[in-house]
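*Asks:* Based on what follows, work out the 3D shape:
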Amino acid sequence: MTACQELSPEVGIAAACFSLDVPRATYYRRLEPSGKKRAGKKPASPRALAETERDRVIEVLHEDRFVDRAPAEVYASLLDEGTYLCSIRTMYRLLAARREVRERRNQLRHPRYQAPELLATAPNQVWSWDITKLRGPVKWLYYNLYVILDIFSRYVVGWMVAAHETGALAKHLIAETCRKEQIRPGQISLHADRGSPMKAKPVALLLSDLGVTKSHSRPHVSNDNPFSESQFKTLKYCPGFPDRFGSIEDARSFCREFFGWYNHEHRHGGIGMMTPAVVHHGHVETITRVREAVLSAAFETYPERFVRGMPQQPAVPQAAWINKPKTEPTGFNGSVQTENEVVPGVVEYGPKGNDRSWGILEANTFDRVPQHSGNYTKFELRVSQTH
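*Replies:* Numbers count the residues shown, from 1 in each chain. Now for the predicted structure:
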C-alpha cells in the first residue's frame, strides 16, 4: 500500500493500482482515517407523516370494521368514503413498526437449528455414525450397513450389516462398540443425522445409561456429518465394490475385508498419510521418525534432486472439527502475512508459480520498468531478493 501511494503521483492512481495488483476500492478505503465512522441515524424525510398523522392511521386500522382486513382493502374502503390517509405501503410500514404484521393463522414454523460444533483432539472423543444402503441381488432389495467412525483417527470402531434399519440394532452396535473400546461415562460424543434409528428411544436411553453425549445434524443439511459421508464414498468408490451383493453374507464378507484394509492399510490424506489404526492406537511418532529417516537419507544421497530443501513428512492434524467456528477476518494493515509471521513492507516478487521468492520493498530503492498492457502502463518493480 505504501508503494502504491508513492507511485500514484507519478503515473496516476489507476495505473499504480494496476501495476501492483491492488484494488482501487481498497486503495481509497485505506486512505480514510481509521477512526472515521459512518453517519448514524438517517435524517427523517420531509415527506414523512407527522406523529399525529401516524397515530391517526393506526387508530383507523384498529377500528372494528378494519381489524380483520388487509391494508389494501382498508385503503380502498377509505377512498370510497372520500378519505385518504396514506399509501398502502405506509400502512404496512406503520404496522410492522408495532409488530402487528404476521401470519394470522396458527401455522407451524420450523425452528432455526444451531449448527453442531464438535471438536476432537485425540481418539475416542467424538464418534460419527450413519447408515448406508447396499444393493441386494434383485431390485428394491437393500442391506443396511451401520458404521461408527472416530473422527480424529478416521478409525472404524464398529460396523454391522443388517437386513433392517431399526433402533434396536443400532442400540446393540453402539453398546458393543463402547464395550470393545472401553468407553467411560462422559468420555465421548456421538454424532449422527436425524434418521429414525438415530433418534429412536432405545438409542437415546442407551446413550443416557452409557454417559454418551449425543449430537444430531440439522434437518436437510447434508454437510453436518462429513466424516461418515466421506468414508461411505471411499467404500463405494473402491475398485472391488460390486454393483450388487448376492446375499447378506456376501455383503458382510466384503465389508469385513474392506474395513480391515481401511483401518490397517489405507493411507488417509486427512491424517498425514497415516493409516487410521496408527493414529487411533498412538503410533504416529514412531512412523513419523521412520519416514523422516528415509527422507533424510534420500536427501543426503541426492541433494541436487531436492531443489526446495529437505522433504517434509505431512503432519497429522492436531484437531478434527465438525463445523469449526468461523473467525472474523483480520483487517488489512499494509502487511503481508507469510506462513509463520507478519513482515511489514514485504511484497511478492518473481513468478507466481510454486517457486516464489520475496523481497523487501524500500522507498526510492527500486527501478520502474514500464510494461504496456491495454490502456494501462504496468510497472515491474525490480528489488533485491532475500531468503
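*Asks:* Provide the secondary structure category for residue 287.
*Replies:* helix (DSSP: H, G, I helix; E, B strand; the rest coil).
*Asks:* go on, the one 4 residues further on?
*Replies:* Secondary structure for residue 291, judged by three-state DSSP, is helix.
*Asks:* Now residue 191. Nearest residue, chain neighbours left out?
*Replies:* Nearest residue to residue 191, sequence neighbours excluded (Cβ to Cβ, 6 or more residues apart in numbering): residue 215, at 4.3 Å. No exception for glycine: its C-beta is placed from N, CA and C like everyone else's.
*Asks:* tell me which element the one you found falls in.
*Replies:* Element membership for residue 215 (DSSP states H and E) is strand 213-216.
*Asks:* got the contact list for the residue nearest to residue 191?
*Replies:* 116, 118, 189-192, 322 (Cβ atoms under 8 Å, 6 or more residues apart in numbering).
*Asks:* Please tell me how far it sits from residue 323.
*Replies:* Remark: distance between residue 215 and residue 323 (Cβ to Cβ, to the nearest Å) = 10 Å.
*Asks:* Downstream of the strand holding residue 215, the next helix or strand is which one?
*Replies:* Per DSSP H and E, the helix or strand that comes after strand 213-216 is helix 226-236.
*Asks:* what does that following helix rub up against?
*Replies:* So helix 226-236 is contacted by 128-130, 132, 145, 147, 149, 151, 154, 156, 222-223, 241, 258, 262, 266, 320, 322 (Cβ under 8 Å, 6+ apart).
*Asks:* Show me just the buried residues among the residues you listed.
*Replies:* 128-130, 132, 145, 147, 149, 151, 154, 156, 258, 262, 266, 320, 322 (16 or more other Cβ atoms under 10 Å).
*Asks:* and those, which two are the farthest apart?
*Replies:* In the buried ones among the contacts of helix 226-236, the most distant members under the criterion Cβ to Cβ are 258 and 322, with 24.1 Å between them.
*Asks:* What ranges in the stretch 1-150 of the chain fall below the confidence cut-off?
*Replies:* 33-40, 104 (pLDDT under 70).
*Asks:* which residues in it form helices?
*Replies:* Counting by DSSP state H, counting those that start in this stretch, the stretch 1-150 of the chain has helices at residues 2-11, 13-19, 24-31, 51-61, 71-80, 88-97.
*Asks:* Nearest to residue 275, out of the ones you listed?
*Replies:* helix 24-31 (46.1 Å).
*Asks:* Off-centre distance for the closest one?
*Replies:* 29 Å (Cα atoms, centre = their mean, to the nearest Å).
*Asks:* which other helices and strands contact that helix?
*Replies:* helix 13-19 (3 or more Cβ pairs under 8 Å, 6 or more residues apart in numbering; DSSP states H and E).
*Asks:* and the helix it packs on, which residues are buried?
*Replies:* For helix 13-19, the neighbour count (16+ other Cβ under 10 Å) marks 13, 15-19 as buried.
*Asks:* just checking, what packs against it?
*Replies:* Using 3+ Cβ pairs under 8 Å, 6+ apart, helix 13-19 sits against helix 2-11, helix 24-31, strand 376-382.
*Asks:* Report the backbone C-alpha coordinates of the second one in CSV.
*Replies:* Written as CSV, here are the backbone C-alpha positions of helix 24-31 (Å, rounded to 0.1, in the frame of the first residue of the first chain):
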residue,chain,number,x,y,z
ARG,A,24,-8.7,0.7,-6.3
ALA,A,25,-11.6,0.3,-3.8
THR,A,26,-9.1,-1.0,-1.2
TYR,A,27,-6.7,1.9,-2.0
TYR,A,28,-9.3,4.6,-1.4
ARG,A,29,-10.7,2.8,1.6
ARG,A,30,-7.3,2.7,3.3
LEU,A,31,-6.8,6.4,2.8
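*Asks:* what comes up buried for that helix?
*Replies:* Neighbour counts over helix 24-31 (16+ other Cβ under 10 Å) mark 27, 30 as buried.
*Asks:* Quick one: work out the angle between it and helix 2-11.
*Replies:* 110 degrees (axes from the mean of the first three to the mean of the last three Cα atoms, to 10 degrees).
*Asks:* Filter the buried ones among the contacts of helix 226-236 down to just the ones in strands.
*Replies:* Judged by DSSP state E, strands contain the following of these: 128-130, 132, 145, 147, 149, 156, 320, 322.
*Asks:* The strand holding residue 215 pairs with which strands, and in what direction?
*Replies:* Strand 213-216 pairs in its sheet with strand 189-192 (parallel), by DSSP bridges.
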